[in-house]
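K.L.:
how would this look folded up:
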Amino acid sequence: MYKLAAAFALLAGPALATGLQIEIEGEGANGTVTVDLFEDLAPQHVEQITALAAAGQYDNVVFHRVIEGFMAQTGDVEHGRLGSDLRRAGTGGSDRPDLPAEFSDFNFDRGVVGMARAQDPNSANSQFFIMFEPGPFLNGQYTVIGQVTDGMDVVDAIKRGDGPNGAVIGQPDAMKTVTVTE
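P.N.:
This is a model prediction of the structure:
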């Protein structure tokens, strides 16, 4: 019986651990996004994200890089807070250490949440992105941390950036509050 239950668990996909409720406000998006976090795929990344959220570090952090048909990136708790000089948004992290990659076979499909990083695969820290559309070129190259389960319409409304790097001009939309859910 145990083998049968384990087989069904594997077919169901990654176990859902904790989650996030993200309240977004701005010129484009206004509403709540619910993200289920995949603790079994990326335990260190999920621990880091939930610790930062529980400490209020993500509150008032902007979506600094938003590319139509690709993704919306946020989470720069060092340089990406509303009211700060946003010219450096996207270049910072947190006071916590960078994380070793936790790559998986989970595909970067619409609504999947992944960790942003620099060239070094072991450089993810606080920034993450939400996919607008599938990005198979990211599979196995970036750490998947979760998936949006409610509020993709809010994600779809996030103010888009300009140019190939997707930098948001003017006032970007922001995560007003981010709370951890069980």
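K.L.:
Now the most centrally placed residue in the chain. Nearest residue, chain neighbours left out?
P.N.:
Taking C-alpha atoms, centre = their mean, the centroid of the chain lies closest to Phe128, which sits 3.4 Å from it. Of all residues not flanking Phe128 in the chain, Gly75 sits nearest, at 4.8 Å (C-beta to C-beta, 6 or more residues apart in numbering). (C-beta placed from N, C-alpha, C; glycine too.)
K.L.:
What is the burial count for that neighbour?
P.N.:
Neighbourhood size, Gly75 [other C-beta atoms under 10 Å]: 29.
K.L.:
Please apply the same query to the one 3 residues further on.
P.N.:
Counted with other C-beta under 10 Å, residues neighbouring Glu78 total 19.
K.L.:
Look up the closest residue to it, ignoring the ones flanking it.
P.N.:
Glu78 sits nearest to Gly92 (C-beta to C-beta, 6+ apart), 2.8 Å away.
K.L.:
so after the lowest-mean-pLDDT helix or strand in the chain, what's the next helix or strand?
P.N.:
Here the helix or strand of the chain ranked lowest by mean pLDDT, DSSP states H and E is helix 2-12, holding a mean of 38. Sequence-wise, the next helix or strand downstream of helix 2-12 (DSSP states H and E) is strand 19-25.
K.L.:
Of all the residues in that next one, which ones are buried?
P.N.:
Buried residues in strand 19-25, counting neighbours by 16 or more other C-beta atoms under 10 Å, are found at 19-24.
K.L.:
so the residue nearest to the centre of the chain makes contact with Asp76?
P.N.:
No: between Phe128 and Asp76 there is no contact under C-beta atoms under 8 Å: 10.1 Å.
K.L.:
Let me see the ranges of the helices in this structure.
P.N.:
Counting by DSSP state H, the chain has helices at residues 2-12, 43-54, 152-156.
K.L.:
by contact count, what packs against the last one?
P.N.:
Okay, so that is helix 152-156. Applying 3 or more C-beta pairs under 8 Å, 6 or more residues apart in numbering; DSSP states H and E, one finds that helix 152-156 contacts strand 31-37.
K.L.:
starting at the chain centroid, how far to stretch 171-181?
P.N.:
11 Å (C-alpha atoms, centre = their mean, to the nearest Å).
K.L.:
export that stretch as CSV, just CAs?
P.N.:
Only the C-alpha atoms of stretch 171-181 are listed here, as CSV (Å, rounded to 0.1, in the frame of the first residue of the first chain):
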residue,chain,number,x,y,z
GLN,A,171,6.7,54.3,-11.1
PRO,A,172,6.8,50.4,-11.2
ASP,A,173,4.2,48.3,-9.6
ALA,A,174,5.2,46.9,-6.1
MET,A,175,4.5,44.1,-3.7
LYS,A,176,2.7,46.2,-1.0
THR,A,177,2.8,43.3,1.5
VAL,A,178,4.1,39.7,1.3
THR,A,179,2.9,37.2,4.0
VAL,A,180,3.7,33.6,4.6
THR,A,181,0.8,31.1,4.6
